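>>> Structure for this input, please:
(2 chains)
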Amino acid sequence: MINKSWPDVHGAVADIADGATVMIGGFGRAGQPVELIEALLEQGADGLTVISNNAGNGDSGLAALIGAKRVRKIICSFPRQSDSWVFDGLYRAKEIELELVPQGNLAERMRAAGAGIGAFFSPTGVGTELAEGKEVRSIGGRDYVLEYPLYADVALISALRADRWGNLVYRKTARNFGPIMAAAATTTIAQVDEVVPLGSLDPENVVTPGIFVDRVVAVGERAWLRAGEFVGESSDTELERL
Amino acid sequence: MSTRISRHELAARIARDIPEGAYVNLGIGAPTLVSNYLSPDAEIILHTENGMLGMGPEPLIDDVDPDLVNAGKLPVTELPGAAYFHQADSFGMMRGGHLDVCVLGAFQVSAAGDLANWSTGAPGAIPAVGGAMDLAIGAKQVFVMTDLFTRDGAPKLVTNCSYPLTGARCVTRVYTDHAIFDITERGFAIRELFGDNTADQLGDRLGLPLTTAVDAGVSN
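Numbers count the residues shown, from 1 in each chain, chains lettered A, B, ... in the order given. Next comes the predicted model:
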């Protein structure tokens, strides 16, 4: 019998090694696997490379992992936010390495890793400093930058429901990086609000098939979702200033 | 002192140029104001790059759902006909040329249509690019919404961008508080002047040669 369901988050993250490359889902707090990140923080793995869209919000979740100096390097598209003070401080002190990747290239590099693509040419970033040192090729009269896949040892993602085969359904914009990270990592661990009996997810609505998922953990309804505290960006402050 | 229209007036003016049924991405900051002036009857479908088409307005405080946010991570709502998708599909929509229009802010736009809007290159600044580079090269039409001059009076339309580029030769049209400019083979062409602005006066202040868009309703 296949049973990918784990009783708690601590067991599910116990074997993540020092120096591992870890993808962490979420766009800001939407879809951020907070309970898994907190378990990883407690587990103690060090010298991590984290791949995530942002570099943490407030003091919890990814920000707490970064704040505890467990992250050697972060690969992301948008570290600077109104509430990214933890990352900002370490970056200014040169205590964390940053690889900045345009968001679409970040996503497509994950997709390529999960889909067995060796590399691809993207029009995004051509002629900018984020393409410096990369091969540029003209194809059909348009310039493209050569981009390589992004693999990970582990992906930590969040979804709404799973079954014991690891099939996942998501909720609204919390889906974001979940499906592509699940496919790009050697071991994918999904926290979900609930694990439901096999056969109770409509197969037409499964977004991430269980083949991409190794472990699922029910965490119950996420308390912070209803905490009445919601941190958002009011605007791109730098653009507003000029 | 020449006439300047407000950000809200400019947002309303941009909204008039977005056709019925268009798929549109509005960038973070001032461009989001454009959504306030789109007619619901026009069924213009808003894309948000974190994974949604059919994005609706900000919810009432009791209806805020942290799983439903826009690219600025602010709470939004879903309209009938909305769809959710993952990040690779979302950016495939841009690069694949499926979006009709995006509206972006700018630090600078060059006469060749280069856009600089993600970094001032200032030392010590924390870089962040997000989806700006994908949006700049992806949509069929890239509209820029910006003040024509910085608070210090420096022109934001320039011969060559001095700030790091977001995308090369990608901008279609620039909507400013003084006038609307098309990017053409011959550089900036005035499409529409607001109030008492004149082509000669703007050309002098910008220090740039300006032409008039072929199909524009400008008389000077």
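>>> Let me see the contact set for the closest residue in space to residue B:19 that isn't next to it in sequence.
In space, residue B:19 comes closest to residue B:100 once its chain neighbours are excluded; the distance is 7.4 Å by CB to CB, 6 or more residues apart in numbering or on different chains. (Glycine included, C-beta is placed from N, CA and C.) Neighbouring residues of residue B:100 by CB atoms under 8 Å, 6 or more residues apart in numbering or on different chains: B:19, B:22, B:23, B:24, B:139, B:140, B:141.
>>> helix/strand/coil for residue B:33?
helix (DSSP: H, G, I helix; E, B strand; the rest coil).
>>> So it sits against residue B:13, correct?
No - look at residue B:33 against residue B:13 with CB atoms under 8 Å: they stay out of range, at 11.0 Å.
>>> re the thing from before, looking at the residue nearest to residue B:19 now. What's its pLDDT?
What the model reports as pLDDT for residue B:100 is 98.
>>> same deal with the one 10 residues further on?
Reported pLDDT at residue B:110 in the predicted model: 98.
>>> residues in contact with it?
B:157, B:158, B:159, B:160, B:161.
>>> hey, where'd the helices end up in chain A?
A:9-12, A:34-43, A:62-67, A:85-92, A:103-115, A:178-184, A:237-241 (DSSP state H).
>>> right, so these: which one is the most enclosed?
Burial of the helices of chain A is given as mean neighbour count (mean count of other CB atoms under 10 Å in any protein chain shown); helix A:178-184 ranks first at a mean of 28.
>>> Can you spell out which helices and strands pack onto it?
helix A:103-115, strand A:152-162, strand A:168-169, strand A:185-195, helix B:87-95 (3 or more CB pairs under 8 Å, 6 or more residues apart in numbering or on different chains; DSSP states H and E).
>>> try 6 Å
helix A:103-115, strand A:152-162 (3 or more CB pairs under 6 Å, 6 or more residues apart in numbering or on different chains; DSSP states H and E).
>>> so which of those comes closest to residue A:204?
strand A:152-162 (14.4 Å; CB to CB).
>>> tilt between that closest one and helix A:103-115?
90 degrees (axes from the mean of the first three to the mean of the last three CA atoms, to 10 degrees).
>>> angle of strand A:152-162 against strand A:185-195?
Using the same axes, to 10 degrees: strand A:152-162 against strand A:185-195 is 20 degrees.
>>> Report the angle between strand A:152-162 and helix A:34-43.
140 degrees.
>>> returning to that earlier point: out of the helices of chain A, which comes closest to residue A:121?
helix A:103-115 (10.5 Å).
>>> Quick check: the residue of chain A most remote from its centre vs residue A:120, distance?
Going by CA atoms, centre = their mean, the residue of chain A most distant from its centre is residue A:141, 34.5 Å out. Taking CB to CB, to the nearest Å as the measure, residue A:141 and residue A:120 are separated by 18 Å.
>>> likewise residue A:55?
Remark: distance between residue A:55 and residue A:120 (CB to CB) = 25 Å.
>>> thinking again about what came up before, adding distance to chain B and mean pLDDT, write the helices and strands packed on helix A:178-184 out as CSV.
Shown next, in CSV, are these (distance: least, CB to the nearest CB, whole Å; pLDDT from 0 to 100):
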stretch, distance to chain B, mean pLDDT
helix A:103-115, 3, 98
strand A:152-162, 8, 98
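>>> Of all these, which one comes closest to residue B:4?
helix A:103-115 (33.2 Å).
>>> And the strands in chain B?
B:23-26, B:45-48, B:52-56, B:77-84, B:101-104, B:108-110, B:115-116, B:141-146, B:157-158, B:173-176, B:179-184, B:187-193, B:211-212 (DSSP state E).
>>> Could you say which one of those comes nearest to residue A:42?
Nearest to residue A:42, of the strands of chain B and by CB to CB, is strand B:77-84 at 32.0 Å.
>>> Touching that closest one from outside, list them.
A:175, B:51, B:52, B:53, B:54, B:56, B:59 (CB atoms under 6 Å, 6 or more residues apart in numbering or on different chains).
>>> returning to that earlier point: redo the helices of chain A as a markdown table? Include distance to residue B:46.
Listed next are these as a markdown table, based on distance: least, CB to CB, whole Å:
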| stretch | distance to residue B:46 |
| --- | --- |
| helix A:9-12 | 36 |
| helix A:34-43 | 28 |
| helix A:62-67 | 28 |
| helix A:85-92 | 30 |
| helix A:103-115 | 18 |
| helix A:178-184 | 22 |
| helix A:237-241 | 19 |
